[in-house]
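# pasted the sequence and its predicted model underneath.
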Amino acid sequence: MNPGCRKLYLLVLLVALDLAGTCSAQSMAHQAAQTLIVESRVLQEVCTVFVALPENYGAGSENYPVIYVLDGAYYHSLTTEASILLTRSGLAPASIVVGITTNNRQRDFSPPVDPEAGQSRDVGVAGGAENFLRHLQSELIPAVESNFRTTPFRVLIGHSTGGLLAYYSLYKTPNLFPAIISIDGSTWWNKGKVGRELMKYLEDHPAVTGQIFECRKDIKIPVQFAPNTELLHYLENRRPKGLGYTYLELPNETHGTIVFPGTYYGLKGIFAAVKK
């Protein structure tokens, strides 16, 4: 067996053993996700939403927290598996997992770029974040809550520009998401304006409560360094007392591979903090 195959074999074996031990030999398979179609007047588009229900949803009348994950066409399945694993391990409550899709990611997840920012990347399609949050608040979330048994506790997970949108939601739609998970979030966007506006909002609203879990590969890229560290320093040292904050760095991951461990550790951390 060549070294590459041997490493792959060992990795598969370790993952299989880990899942078997954690889940007590139970299958990780879950029922197929349901599809919900939302005809959005806000976006003037038809939006597809994926919904995975807890394993025992049909057996009772309990209400469940909801995990909303951006880029749902890609990340809904892995988020559902992470939720199931944590639930079976007693580390998180059973939850409904909702995959949010978008017809134009850069438009919907990014705030406008100020001319003085000197940013050329994605400027032509940026600027729809506030409108997209309006869609979530007035259309998508009400559709989910009218069709399924939910509690008011909502978690929003976003990666890259989605992580930026998660931070943006904290002051543009306060209390819509009591917890957010930002995975390698693009807080460098528009010279870090979202971070600065969030810090000002929190200074003006010291009674804010909630949970933030931030996961990053690193913060060493020079163009991104200042905005990221400014926000990180504020959240670690000066945030409101009722706002929980956890920072996790995974330097051995890439911007793409960090999504799965970030989602798992993010959900684990959020629900552990809520338990306290």
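Yep, it's here.

# what ranges of the stretch 51-200 of the chain fall below the confidence cut-off?
Within the stretch 51-200 of the chain, the segments meeting pLDDT under 70 span 120, 123.

# and stretch 242-262, how far out from the chain's middle?
11 Å (CA atoms, centre = their mean, to the nearest Å).

# check stretch 56-72 too.
With CA atoms, centre = their mean, you get 15 Å for stretch 56-72.

# any residues touching it, and which ones?
The list of residues contacting stretch 56-72 from outside it, by CB atoms under 8 Å, 6 or more residues apart in numbering, reads 49-50, 54, 75-76, 79, 83, 93-102, 105, 109, 136, 141, 144-145, 148-151, 153-159, 162, 165-166, 177, 263, 267. The way it works is simple: take the backbone N, C-alpha and C, and place the C-beta from them, glycine included.

# which among those count as buried?
49-50, 54, 75-76, 79, 83, 93-102, 105, 109, 136, 141, 144-145, 148, 150, 153-159, 162, 165-166, 177, 263, 267 (16 or more other CB atoms under 10 Å).

# take these and keep only those in helices.
If you go by DSSP state H, the buried ones among the contacts of stretch 56-72 have 75-76, 79, 83, 105, 109, 141, 144-145, 162, 165-166, 263, 267 in helices.

# out of those, who's nearest Glu203?
Ala166 (19.8 Å; CB to CB).

# got a list of what Tyr171 touches?
Residues near Tyr171 by CB under 8 Å, 6+ apart: 197-198, 201-202.

# for Tyr79, give its distance to Val98.
You called it Tyr, but residue 79 is Thr. Thr79 sits at a distance of 9 Å from Val98 (criterion: CB to CB, to the nearest Å).

# likewise for Leu170?
19 Å.

# and what of Trp188?
With distances taken as CB to CB, Trp188 is found 28 Å from Val98.

# also Thr150?
Distance from Thr150 to Val98, by CB to CB: 10 Å.

# Asp184 too?
On the measure of CB to CB, Asp184 and Val98 end up 21 Å apart.

# just Gly158 next, same as before
Distance of Gly158 to Val98, given as CB to CB: 13 Å.

# just to revisit the earlier point, got the contacts of Tyr171 as JSON lines, with neighbour count columns?
JSON lines is the format used below for those (neighbours: other CB atoms under 10 Å):
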{"residue": "Glu197", "neighbour count": "17"}
{"residue": "Leu198", "neighbour count": "23"}
{"residue": "Tyr201", "neighbour count": "14"}
{"residue": "Leu202", "neighbour count": "18"}
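
# could those residues go into CSV alongside secondary structure?
As requested, the contacts of Tyr171 are exported to CSV (DSSP: H, G, I helix; E, B strand; the rest coil):
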residue, secondary structure
Glu197, helix
Leu198, helix
Tyr201, helix
Leu202, helix
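
# what's the top strand by length along the chain packed up against?
Longest strand in the chain, counting residues (DSSP state E): strand 150-159. Packed against strand 150-159 by the contact rule (3 or more CB pairs under 8 Å, 6 or more residues apart in numbering; DSSP states H and E) you find strand 64-69, helix 72-88, helix 161-172, strand 179-183, helix 259-275.

# buried set for the first one?
Neighbour-count burial for strand 64-69, counted by 16+ other CB under 10 Å, picks out 64-69.

# quick check, nearest of those to Lys275?
Nearest to Lys275 among those is Pro65, at 12.3 Å by CB to CB.

# quick check: the spatially most central residue of the chain vs Ile212, distance?
With distances taken as CA atoms, centre = their mean, Ile157 lies nearest the centre of the chain, 0.7 Å away. To Ile212, Ile157 is 12 Å away according to CB to CB.

# can you work out which residues contact both of those two?
Common neighbours of Ile157 and Ile212 (CB under 8 Å, 6+ apart) are Ile180.

# quick one on the thing from earlier: right, so of the helices and strands packed on strand 150-159, which gets closest to Val38?
Counting by CB to CB, Val38 lies closest to helix 72-88 out of these; the figure is 12.1 Å.
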